[in-house]
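Novice: structure for the following, please:
(3 chains)
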Amino acid sequence: METLIQQIIGGLANGGIYASLALALVMIYQATDVVNFAQGEMAMFSTYLAWSFLNAGLPYWLTFFLTVGLSFAGGILIQRVIIRPVETAPILNIVIVCIGLLVIFNSIAGWIYTYLIKPFPSPFPEQPLKIGNIFLGFHNLGAIGVTLALLILLYLFFRHTPLGLTLRAAAQNPESSRLVGIRVSRMLMLGWGLAALIGAVAGMMVAPIVFLDPNMMSGILIYAFASATLGGFTSPGGAVLGGFIVGIIENLVGTYVAFIGTQLKFTVALVLIIGVLLVKPSGLFGKAAIQRV
Amino acid sequence: MLGKKVICIISVMLGLLMIGGFVYAKGKYGPGASDTEIKVGHTNPYSGPASAYGVIGKAIGAYFKKINDEGGINGRKINYISYDDGYSPPKTVEQVRRLVEQDQVLLIFQNLGTPTNSAIWEYVNKKKVPHIFVATGATKWGDPQGHPWTMGWQPNYQSEGRIYARYVLEKLPKAKVGILYQNDDYGKDYKQGFTDGLGDKTKTMVVLEQSYEVTDTTVDLQIVNLKNSGADVFFNITTPKFAAMAIRKAHEIGWKPTHFLNEVSNSIKAVIEPAGYEASQGLITTFYSKDPDDPHWKDDPAVKDWLKWMKDYYPEGNIHDRFYVYGYSAAQTLVQVLKQAGDHLTRENIMKQAANLKDFTVPMLLPGIKINTSPKDFRPIEQEQLARFEGKTWVLFGEVIDASVR
Amino acid sequence: MENRTETTELLEVKHADPLDTRIEGWKVAGVIAVLAFASLLPFVMSSYRLFQFSLAFAYAIALFGLNLLTGYNGQISLGHGAFYAIGAYTTAIMMEHWGISYIWTIPVAGFICLVVGFLFGIPALRLTGLYLALATFTLAIAAPQLLKYFEEWTGGVQGIVLSEPQAPFGLPLNKDQWLYYFTLSILVVLFIVGWNLLRGRVGRAIVAIRDHHIAAESMGINLPLYKSLTFGVSAMYTGVAGALGAIVVQYVAPDSFNIFLSISFLTGVVIGGLSSISGAIFGAFFIQFVPTYAQDISDAAPWAIYGIFLIIFMYAMPMGIAGFLQGLWNRLRRRRLVDS
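Specialist: Have a look, this model is predicted:
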């Protein structure tokens, strides 16, 4: 029983990692209709920026907000300079551009910072919480908390602020939005900026757990993609929940299904997700696109 | 009349002698070798999932540059040609064919990776190209009968596994063993050596094996399972990132087994520090080379030389990255082979000299460890020494062990 | 977004009218000229280059398969690396475990992938766009893991070394020359078959499904059958490519077939030109040769250079290389018409 709880907690901890990056993926999809394959590498690069600041002696929280701010600006810049030229092109073209960004960020990070892993500090206490025989990492809890806080902030932003409403309108119906005077291009930039911001937070929360290296996010991006698909690309809350579910399934399969063990746990998780998709083709909480004939 | 003829003949003979002598004095050459240069071919993953190992290739290049600056080997400069294979076997095949067929190198040196080298070893053996000092610890490279042109370099993984098994059998006969291994050739090779070393006792002693993939996020799940299996001995076969995570997690959940850490991941800077000094107390590993970060070697002249070389020839390199020591030492071994070959630089002779290293040492090897090869022994380094982590340093204990795979 | 379905949203590609079934004479002449030139290359190119070209031909076949599914039929696949792997391992296992000659492994590889692809296409019917992409993604992730798992067949992480194919009937060709011709011939045959398929009713049905699938259905096209079949045929092409690749490289290991391979295929198809047959060839040569070229340019960060190439190509040639050349050609023709 204890093992079960410990593994579920472990699954939640990992799931928190997936959820944070999944949130960034969904954010950008909601705002711009693009799945940004470079999201993970951008988050990794932001984390390296933070590391550079810390290395130069800046205190943690200053670094945190500085990195978040710079990443926001960086996201806007990338949209404006790199994505805008292919905005109107077929979606696969944009995907290829994002793949290009992915390899560029990865390569440059490796060149500048080398591939030696670097520890990254956490703002949360190090000693784990111990309840009976079960251990809860404070940082894992903290990271999950931060992700949920972000989720709530985003929810409030989209539903209850004029800017959020504008952003949603621009994403869902650019033509009509332009007619009412919304600067759609500005909104797209904002979308990328927000996604980069979320990615930076995700990176800084993930790095203390998995250590910082240029390939830190490559595996996690795949999990984030799976989580967002499970939850539905149109639902930030769904993506976060998807992350937790994926983390838990993996841990449980890895522990309790002997013949598969740890070798195929991710494959099993993915197959289960496909199973869910067959019943709910747009993910658990996603909205199906409506076709007018 | 006769005089003229005789003079003619004598001049021709003299001329021939001179030409012959000219050619002879300059040496015998295979492809890639000449009076002025020796072409050395190399592939490495400079990109892709294994790109962390790319620094080995760069370190080798930096060392050859030092040698060239000092005059080269027997007056010849090393022309080092290194290509990226992204750890993808088809790419390795392509790049090695390019090196052999287009660039016409004399030999292939220190290619990295087991699947990548597996992809080409039939080819190089068929083409009779020396394929020496491959950068992997897989046991299969020491096979002079089947693959006379391929040779390993570092102590192979199986023999290290056997060393730990022997320790367990001798000192911890009632142990319950748990193993964490990376699910690839490296992980399985180590595991094989370990279980071979335990022999029949494997079934009774090993209570749980857990594997992980390089794409996994953490190994927390596996560590928790291992703790719950009741194991009190832990063989940790992980690469640096995962090793640090494993050590830290075990400490976090209060699991304190006798913890054997594989040599690949015993770097203080890359693993111990991120895992935490407190969590790393009592770790046992083996060494065959010196860790420059270890305070124990602070005043060692070999380490000082190495640091100077890094400063002069690779200042942007990370002095805490053990791969630089690895590349440096492997390169020194090749230089010795080339020196021994003298002016007789054919592929056959290179192979002959590579199989003719007698009690050769390079400075960064542990004292007492020597490189030995022979036509029947294609495993240059076979000795290691156990060490235990105490305080902030690894403390060597016991004797230098000769761990040739039986 | 507007009242469009996800499928068409994803692929707003302008393409040459598939209904244009006239074969212009000069086009045939051009193709024959290119083929003749290609046939002479083995006598002037080095073995190493021939090896690279043979591999590029195999990739071209794979890209043609992917193009069929993604370009013509609008179903995105991020998992074609898995079919390539299945083809490769089929060949490896048949050759090394059962001693079957490499030639016979190719149709078997194709057939197995046809079946697997078709079977996969059935549940995939319910999924569109991103969600389909994830489902195919699963294939790409599962493939190396399953290959490692079934060790006795696949040799696990150690992989399988394939024996060298020899030119048959004692032809005076070395291995590389023979494999060049072998892969080239299979490519030509498969492309002709595919081209005929796409020119006819089947091709029109496939494109109709992509562009106006409701209309297509109401016109009597059996959507599920066509979509699944397209998946199957697409997988078949890629499986044959994998088999050829294994024969050329003479080694298979799970590490060769990771997610990056699937992404490379998608990249090749887009860069080469969606909805275009020649796009497969351009794309294949791109993914085969540009990474090496990028390393020659910059040793420090070669993949950054590759990424920059990708971005520049997408800016300059949004319809892929084939589309770009087609556009040039059209402009030239229009100018000549105007002048005359």
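Novice: for B:F109, give me phi and psi.
Specialist: Backbone torsions of B:F109, given as degrees, to the nearest 10, read phi -130, psi 130.
Novice: that should have said A:W192, apologies.
Specialist: Per degrees, to the nearest 10, the backbone of A:W192 is at phi -60, psi -40.
Novice: run through the chain and note the low-pLDDT ranges.
Specialist: Let's take chain A. A:288-293 (pLDDT under 70).
Novice: my bad, chain B
Specialist: Using pLDDT under 70, chain B drops low at B:1-26, B:404-406.
Novice: show me how the record splits chain B into domains.
Specialist: Following automatic domain parsing, one gets these domains for chain B: B:37-155+B:299-375, B:157-287+B:386-402.
Novice: out of those, which is closest to A:S235?
Specialist: Evaluated with CB to CB, the domains of chain B place domain B:157-287+B:386-402 nearest to A:S235, the distance being 22.9 Å. Placement of C-beta: from N, CA and C, glycine included.
Novice: can you pull out the strands in chain A?
Specialist: Shown for chain A, the strands assigned by DSSP state E span residues A:129-131, A:134-136.
Novice: single out the most deeply packed of those strands.
Specialist: Burial of the strands of chain A is given as mean neighbour count (mean count of other CB atoms under 10 Å in any protein chain shown); strand A:134-136 ranks first at a mean of 18.
Novice: mind listing the strands it pairs with, and their directions?
Specialist: According to DSSP bridges, strand A:134-136 forms sheet pairs with strand A:129-131 (antiparallel).
Novice: how far does the strand it pairs with sit from the chain's center?
Specialist: From the chain centre to the centre of strand A:129-131 is a distance of 28 Å (CA atoms, centre = their mean, to the nearest Å).
Novice: from the chain's centroid, how far away is stretch C:65-76?
Specialist: Mean C-alpha position of stretch C:65-76 versus that of the full chain (CA atoms, centre = their mean) differs by 10 Å.
Novice: how about that stretch: buried residues?
Specialist: C:65-76 (16 or more other CB atoms under 10 Å in any protein chain shown).
Novice: and the furthest pair within those residues?
Specialist: Farthest pair in the buried residues of stretch C:65-76, by CB to CB: C:G65 and C:G74, 15.0 Å.
Novice: which elements pack onto the helix or strand hosting C:V240?
Specialist: In this assignment (DSSP states H and E), C:V240 forms part of helix C:223-249. Applying 3 or more CB pairs under 8 Å, 6 or more residues apart in numbering or on different chains; DSSP states H and E, we find helix C:223-249 packed against helix B:89-97, helix C:47-67, helix C:80-98, helix C:102-124, helix C:175-199, helix C:201-211, helix C:213-218.
Novice: identify whichever of these lies nearest to A:L148.
Specialist: Using CB to CB, the helices and strands packed on helix C:223-249 put helix C:102-124 closest to A:L148, at 33.5 Å.
Novice: what's the mean pLDDT across that closest one?
Specialist: Here helix C:102-124 scores 91 as its mean pLDDT.
Novice: can you tell me if that helix touches chain B.
Specialist: No: no part of helix C:102-124 sits near chain B under the criterion CB under 8 Å from any CB of the partner chain; the closest distance found is 15.6 Å.
Novice: and that helix, what does it pack onto?
Specialist: In terms of contacts (3+ CB pairs under 8 Å, 6+ apart), helix C:102-124 is packed against helix C:80-98, helix C:129-149, helix C:223-249.
Novice: show me what counts as buried in it.
Specialist: For helix C:102-124, by 16+ other CB under 10 Å, it's C:102, C:105-106, C:108-110, C:112-114, C:116-118, C:120-121, C:124.
Novice: stretch C:200-217 now?
Specialist: Buried residues in stretch C:200-217 (16+ other CB under 10 Å): C:203-210, C:212-213, C:216.
Novice: picking that back up, just give me the closest of the buried residues of stretch C:65-76 to A:A226.
Specialist: C:I76 (15.9 Å).
Novice: find the nearest non-adjacent residue to the closest one, please.
Specialist: Spatial nearest neighbour of C:I76, excluding adjacent residues (CB to CB, 6 or more residues apart in numbering or on different chains): C:A133 at 4.7 Å.
Novice: closest one of the buried residues of stretch C:200-217 to C:F309?
Specialist: C:F309 lies nearest to C:R210 out of the buried residues of stretch C:200-217, by CB to CB, at 28.5 Å.
Novice: separation between the closest residue to that closest one other than its chain neighbours and B:T217?
Specialist: Nearest residue to C:R210, sequence neighbours excluded (CB to CB, 6+ apart): C:G74, at 3.5 Å. For C:G74, the distance to B:T217 equals 34 Å [CB to CB, to the nearest Å].
Novice: which residues does the closest residue to B:A52 other than its chain neighbours contact?
Specialist: Leaving aside its sequence neighbours, B:A52 sits nearest to A:Y115 (CB to CB, 6+ apart; 3.6 Å). By CB atoms under 8 Å, 6 or more residues apart in numbering or on different chains, A:Y115 lies in contact with A:213-215, B:51-52, B:54-55.
Novice: so how far is A:N106 from A:Y115?
Specialist: 11 Å.
Novice: identify the contacts common to the two.
Specialist: A:214-215.
Novice: what is the neighbour count of C:S77?
Specialist: Around C:S77 there are 30 other residues, counting by other CB atoms under 10 Å in any protein chain shown.
Novice: shouldn't C:R331 be within a helix?
Specialist: Yes: C:R331 forms part of a helix when assessed by DSSP: H, G, I helix; E, B strand; the rest coil.
Novice: roughly how far apart are it and chain B?
Specialist: Distance, C:R331 to chain B, by CB to the nearest CB, to the nearest Å: 37 Å.
Novice: excluding its backbone neighbours, what's nearest the residue nearest to the spatial centre of chain C?
Specialist: The centroid of chain C falls nearest to C:L63 when counting by CA atoms, centre = their mean (1.5 Å). Spatial nearest neighbour of C:L63, chain neighbours left out: C:A280 (4.0 Å); criterion: CB to CB, 6+ apart.
Novice: and what of C:T230?
Specialist: Distances taken as CB to CB, 6+ apart put C:N73 closest to C:T230, at 4.6 Å, once the chain neighbours are dropped.
Novice: that neighbour against C:I206, yeah?
Specialist: Yes: assessed by CB atoms under 8 Å, C:N73 is found in contact with C:I206 at 4.9 Å.
Novice: overlap in contacts, the two.
Specialist: Common neighbours of C:N73 and C:I206, using CB under 8 Å, 6+ apart, are C:226, C:230.
Novice: re the thing from before, okay, the residue nearest to C:L63: pLDDT?
Specialist: Per-residue pLDDT puts C:A280 at 92.
Novice: give me the number of residues near it?
Specialist: Other residues lying near C:A280 total 29 when counted by other CB under 10 Å.
Novice: am I right that it is in contact with C:T70?
Specialist: No: C:A280 lies out of contact with C:T70 (CB under 8 Å); the separation is 11.5 Å.
Novice: how many neighbours does B:G41 have?
Specialist: B:G41, neighbours per other CB under 10 Å, totals 28.
Novice: wait, I meant A:A269
Specialist: Counted with other CB under 10 Å, the neighbours of A:A269 add up to 25.
Novice: quick check, it in contact with A:G242.
Specialist: No: using CB under 8 Å, A:A269 makes no contact with A:G242, being 10.6 Å away.
Novice: spit out the residues that contact the two alike.
Specialist: With contacts defined as CB under 8 Å, 6+ apart, the residues adjacent to both A:A269 and A:G242 are A:A226.
Novice: which residues of chain A lie near chain B?
Specialist: Neighbours of chain B within chain A, by CB under 8 Å from any CB: A:3, A:6-7, A:10-11, A:13-14, A:17-18, A:107, A:110, A:114-119, A:128, A:135, A:137, A:209-211, A:213-215, A:218-220, A:222-223, A:250-251, A:254-255, A:261-263, A:266.
Novice: take these and keep only those in helices.
Specialist: Among the residues of chain A next to chain B, the residues falling in helices (DSSP state H) are A:3, A:6-7, A:10-11, A:13-14, A:17-18, A:107, A:110, A:209-210, A:218-220, A:222-223, A:250-251, A:254-255, A:266.
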